[in-house]
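K.L.:
sequence plus the predicted model coming up.
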Number of protein chains: 2
Amino acid sequence: MINVEPCRKDIKVVDATLRDGGIVNNFYFPQGFAAALYAANVQAGVDIMEFGYKVSKKLFDVTKFGEWKFCQEGSIRAVVGENKTDMKIAVMSDVGRVDLKTEVLPKDRSVIDMYRIATYVRQTDEAVQMIGYCHDMGYLTSCNIMAVSHEDIADVKASVQKIAQSPVDIIYIVDSFGSLYPADMSRLCDMYGEIAYKYGKQLGVHAHNNQQLAFANTITAIDRGVNYLDATVSGMGRGAGNCFSEALIGYLRSPRYNINPILRFVREHMLPLKRSGVVWGYDTPYLLTGLNDVHPYAAIDFEKAGREDYENFLTEITNK
Amino acid sequence: MINVEPCRKDIKVVDATLRDGGIVNNFYFPQGFAAALYAANVQAGVDIMEFGYKVSKKLFDVTKFGEWKFCQEGSIRAVVGENKTDMKIAVMSDVGRVDLKTEVLPKDRSVIDMYRIATYVRQTDEAVQMIGYCHDMGYLTSCNIMAVSHEDIADVKASVQKIAQSPVDIIYIVDSFGSLYPADMSRLCDMYGEIAYKYGKQLGVHAHNNQQLAFANTITAIDRGVNYLDATVSGMGRGAGNCFSEALIGYLRSPRYNINPILRFVREHMLPLKRSGVVWGYDTPYLLTGLNDVHPYAAIDFEKAGREDYENFLTEITNK
C-alpha cells in the first residue's frame, strides 16, 4: 500500500551534519568523526557534503571553535585529499561574517565545489555580491534565505527575485525556526519556484524539527519539485535539529542511495557523541518556540538552565 | 506567514495516553497518574479520554498488567466519579479478546461513553457484531481497522464498507506500523471518506511516529476532513509512540483547547515517568520497521536486547 514516487534523477541529498550539527558543539567533533562521516556519505551516495562554515577568523575567536567553523582548505584536504569521488564539497558563509575576497581561492586551487551563502532578507544585496564573487571564482553557489517565517511575504518575494537574477545555482527554502507546517512549505515552494524556474535555478530545502515536521516538510518540498534536500545524520543540528539523513535516504528508495553506511555511522559515531553529552533533537521547549515562530535561542537557554517550567517559558516567549 | 486553517468545530481531540502508552509499561502507571491526566485533559479541553483496554480477565493474567488493561467500571469511577465534565470516556476492546456480553454494562449504569473496537480486516464481521452490541447497549462506538498498510486495498475497502453499514459512529484510519507517508494517508482518507460519509459516519486518525510522521500524518488527515484525532501526551505509545498531544493542541490554535495543562502534565508526570526508565519514542530501529512496513515488535525486541547493529537488523526484517 505504501506508494512512494520514484526518486527523480535531479534529487540531490545534501549532508549538513558538520555544519548545522557543529552549532551544537561549537564544531568540536571527536577525532576521526569528519573522516568517517565523509566515508559514510560517499558510500551512501550522498551528493553534497557541507563541511562547515567559512567565516572570518578575525570575527570569531579560533580558540573557541573547532576547525569546521572556518573550513580552511587544509582542514578539508586532510579529510578528502583531492576528493576523487562523485560527492561534492560545500561550505557555508554568512553575509557579514566573512570577507570572501581574503578567503576564497580560485576553484582550480580548492577542493571545495560549492559556496552556500546564508542571508537574511535585509542583506539580499550583499548576498548577491557574495554569490557573484564565488561564481566568478569558479564555484557552484546556493543561497539560503533565513528566517523567512518572520518576514513579510512581499519582502521574501523581492529577495528571491533579486537572488534568482544572480548567477546562483540553487535557492534554498529555509525553515529557520521550525515553525512552518507542510501547507506553509508547499506555498513557499510554489512561490520560490514560480520565480526561480523562470531563471533556470534549482530549489533546495532546509528544515528544522521543532514541531517534528522536518522530514514531513522535506517530503512536501520533494512533492513540490524541490531537488536539493538538506539532511543531517540523526538529525544533528541546532536545537531540535534537522531532517534525519537516515529517514530521508530510506524514503527515497533509490538505488543511488544506500542507508547502511549511514546506519553504521549512527552506531559508531552518533550514539557515542550523544552519550558524551552532546544534546540536540526534539524537546518540549523547541516545540514551543517553533509553534510561536520564535528563534530557538530562547529554548536552548531554557534547556541549558535546566528549567522545566514550560508554562512560564511559553508566557515569556509569547509576551516578547 | 504561518497560516493554519481555523479549527473546525467538529474536530475532536482524543487522548489515548493510558491506552497506547499503557502498552509500553503493561499499564503500570504511578499512583495518581491517571487522575492527574484526567484533570489535565479536562482543563485542556480534550474531547475524549481513552482510559485503556477492556479485555477479558480470563485471557490475560491480571497479575501481569495494571488496571487500565481491564478498565473495570470501579477503576474508572475511582478517577472520574460521575464524570461531570464535557469530556467523554472511552475504552478499547479488541476483537477476540473479550466477550462484551459479560463485560459491558448498559450505558445508564456506566460512566463509559464510547467503545472503540479494534479489528484486523479479516475480523470485520466480528467487529461489526461488537459494534452492534455496544451501540444497542447505548454507547458511542468507533472502529479502528488495524494494520491496513499490510492489506490489499480492495480488502480494506470491503472492510470499511461493512463497518460503515453498521451503527458505528466513527471509523478510524490507523497507521499501525508507522509506515504511511502523508500521501498514503491522504489517499486512505479519501477512500475511507468516500464510503463513510455516504453513511453519515465520521473519520478518525491514529498515527505512529516510527518515521517521525505521526503529527504530519495527523495534519494531513485534518486537511482531508478527518475530525477525530488521537494523540498521547509526549507521544507515549508502543515503540516509536504517537502524535504528541502538545504538538496537536498547539497546532489547532483554538480557544477550545489550552496547551498549558498538558505542558504541566509533561513536567509533573511524563518527565518523571521517562526518568523512571519507561522508554518510548522515535529511535533508529523503529524507523527501520516503519520504513519496511513491519510490526514494531521486532524493533522493541532489538532495543530490549541492547542491540545497536542496525545494519544486521535491517537485513533481518527485510529477509523475513
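P.N.:
Thanks, I have the structure now.
K.L.:
tell me what the helix or strand of chain A at the bottom of the mean pLDDT ranking is packed against?
P.N.:
Within chain A, confidence by mean pLDDT, DSSP states H and E is lowest for helix A:100-103 among all helices and strands, at a mean of 88. Other elements packing on helix A:100-103 under the criterion 3 or more CB pairs under 8 Å, 6 or more residues apart in numbering or on different chains; DSSP states H and E are helix A:124-136. From N, CA and C alone the C-beta is placed, and that goes for glycine too.
K.L.:
and the stretch 1-150 of chain A, which residues reach chain B?
P.N.:
A:1, A:2, A:3, A:4, A:5, A:148, A:149, A:150 (CB under 8 Å from any CB of the partner chain).
K.L.:
in JSON lines, list the residues you listed along with pLDDT and secondary structure.
P.N.:
As requested, the residues of the stretch 1-150 of chain A next to chain B are exported to JSON lines (pLDDT from 0 to 100; DSSP: H, G, I helix; E, B strand; the rest coil):
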{"residue": "A:1", "pLDDT": "72", "secondary structure": "coil"}
{"residue": "A:2", "pLDDT": "77", "secondary structure": "coil"}
{"residue": "A:3", "pLDDT": "78", "secondary structure": "coil"}
{"residue": "A:4", "pLDDT": "81", "secondary structure": "coil"}
{"residue": "A:5", "pLDDT": "81", "secondary structure": "coil"}
{"residue": "A:148", "pLDDT": "94", "secondary structure": "helix"}
{"residue": "A:149", "pLDDT": "92", "secondary structure": "helix"}
{"residue": "A:150", "pLDDT": "89", "secondary structure": "helix"}
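K.L.:
just put these in TSV and tack on neighbour count.
P.N.:
Output for the residues of the stretch 1-150 of chain A next to chain B, formatted as TSV (neighbours: other CB atoms under 10 Å in any protein chain shown):
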residue	neighbour count
A:1	15
A:2	15
A:3	10
A:4	15
A:5	12
A:148	27
A:149	20
A:150	17
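K.L.:
which parts of the least confident helix or strand of chain A are buried?
P.N.:
Neighbour counts over helix A:100-103 (16 or more other CB atoms under 10 Å in any protein chain shown) mark A:100, A:103 as buried.
K.L.:
centre of the chain to it, how far?
P.N.:
On the basis of CA atoms, centre = their mean, to the nearest Å, helix A:100-103 sits 22 Å off its chain's mean C-alpha point.
K.L.:
check stretch A:311-320 too.
P.N.:
28 Å.
K.L.:
that one - what's its average pLDDT?
P.N.:
In this model, stretch A:311-320 has a mean pLDDT of 92.
K.L.:
buried stuff in it?
P.N.:
Under 16+ other CB under 10 Å, the buried positions of stretch A:311-320 are A:311, A:313, A:314, A:317.
K.L.:
in a markdown table: those, plus distance to residue B:85 and secondary structure.
P.N.:
Formatted as a markdown table, the buried residues of stretch A:311-320 follow (distance: CB to CB, whole Å; DSSP: H, G, I helix; E, B strand; the rest coil):
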| residue | distance to residue B:85 | secondary structure |
| --- | --- | --- |
| A:311 | 21 | helix |
| A:313 | 28 | helix |
| A:314 | 24 | helix |
| A:317 | 30 | helix |
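K.L.:
and residue A:151, what is it in contact with?
P.N.:
Going by CB atoms under 8 Å, 6 or more residues apart in numbering or on different chains, residue A:151 touches A:121, B:1.
K.L.:
domains in chain A, as residue ranges please.
P.N.:
Chain A breaks down into these domains under automatic domain parsing: A:12-275, A:284-319.
K.L.:
could you give the bridge partners of the nearest residue to residue A:242 once chain neighbours are set aside?
P.N.:
Closest residue to residue A:242 apart from its sequence neighbours, by CB to CB, 6 or more residues apart in numbering or on different chains: residue A:232 at 4.4 Å. Beta-bridge pairing for residue A:232 (DSSP bridges): residue A:244.
K.L.:
for residue A:232, what are its contacts?
P.N.:
Residue A:232 neighbours (CB under 8 Å, 6+ apart): A:15, A:16, A:17, A:20, A:21, A:241, A:242, A:243, A:244, A:245.
K.L.:
wait, residue A:128 sits on residue A:160?
P.N.:
No - contact criterion CB atoms under 8 Å: residue A:128 and residue A:160 do not qualify, at 11.5 Å.
K.L.:
the more surrounded of those two?
P.N.:
residue A:160 (27 against 21; other CB atoms under 10 Å in any protein chain shown).
K.L.:
which stretch of helix or strand covers the more buried one?
P.N.:
Taking DSSP states H and E as the criterion, the element that holds residue A:160 is helix A:153-164.
K.L.:
pLDDT of that helix, averaged?
P.N.:
97.
K.L.:
how about stretch A:173-182?
P.N.:
97.
K.L.:
returning to that earlier point: mind exporting the C-alpha coordinates of the helix holding residue A:160 to CSV?
P.N.:
Output of helix A:153-164 as CSV, limited to C-alpha atoms (Å, rounded to 0.1, in the frame of the first residue of the first chain):
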residue,chain,number,x,y,z
ILE,A,153,5.9,37.6,2.2
ALA,A,154,6.3,40.5,-0.3
ASP,A,155,9.8,41.1,1.1
VAL,A,156,10.7,37.5,0.7
LYS,A,157,9.4,37.5,-2.8
ALA,A,158,11.5,40.6,-3.7
SER,A,159,14.6,38.9,-2.2
VAL,A,160,14.0,35.7,-4.1
GLN,A,161,13.6,37.8,-7.3
LYS,A,162,16.9,39.5,-6.8
ILE,A,163,18.8,36.3,-6.0
ALA,A,164,17.2,34.5,-8.9
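K.L.:
list the buried residues in it.
P.N.:
A:156, A:157, A:159, A:160, A:162, A:163, A:164.
K.L.:
which one of these sits closest to chain B?
P.N.:
If you rank the buried residues of helix A:153-164 by distance to chain B using CB to the nearest CB, residue A:156 comes first, at 7.9 Å.
K.L.:
need the strands for the stretch 101-250 of chain A, in chain order.
P.N.:
For the stretch 101-250 of chain A, applying DSSP state E, counting those that start in this stretch gives strands covering A:114-119, A:140-145, A:170-174, A:202-206, A:228-231.
K.L.:
just how off-centre is the shortest one within its chain?
P.N.:
Mean C-alpha position of strand A:228-231 versus that of the full chain (CA atoms, centre = their mean) differs by 7 Å.
K.L.:
sorry, back to before: want to try TSV for the buried residues of helix A:153-164, with distance to chain B as columns?
P.N.:
TSV is the format used below for the buried residues of helix A:153-164 (distance: CB to the nearest CB, whole Å):
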residue	distance to chain B
A:156	8
A:157	11
A:159	13
A:160	13
A:162	19
A:163	18
A:164	19
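K.L.:
going by distance to residue A:82, which of those wins?
P.N.:
residue A:163 (31.5 Å; CB to CB).
K.L.:
where does chain A get nearest to chain B, residue-wise?
P.N.:
residue A:216 (3.2 Å).
K.L.:
in this structure that residue contacts residue B:214, no?
P.N.:
No - using CB under 8 Å, residue A:216 makes no contact with residue B:214, being 9.8 Å away.
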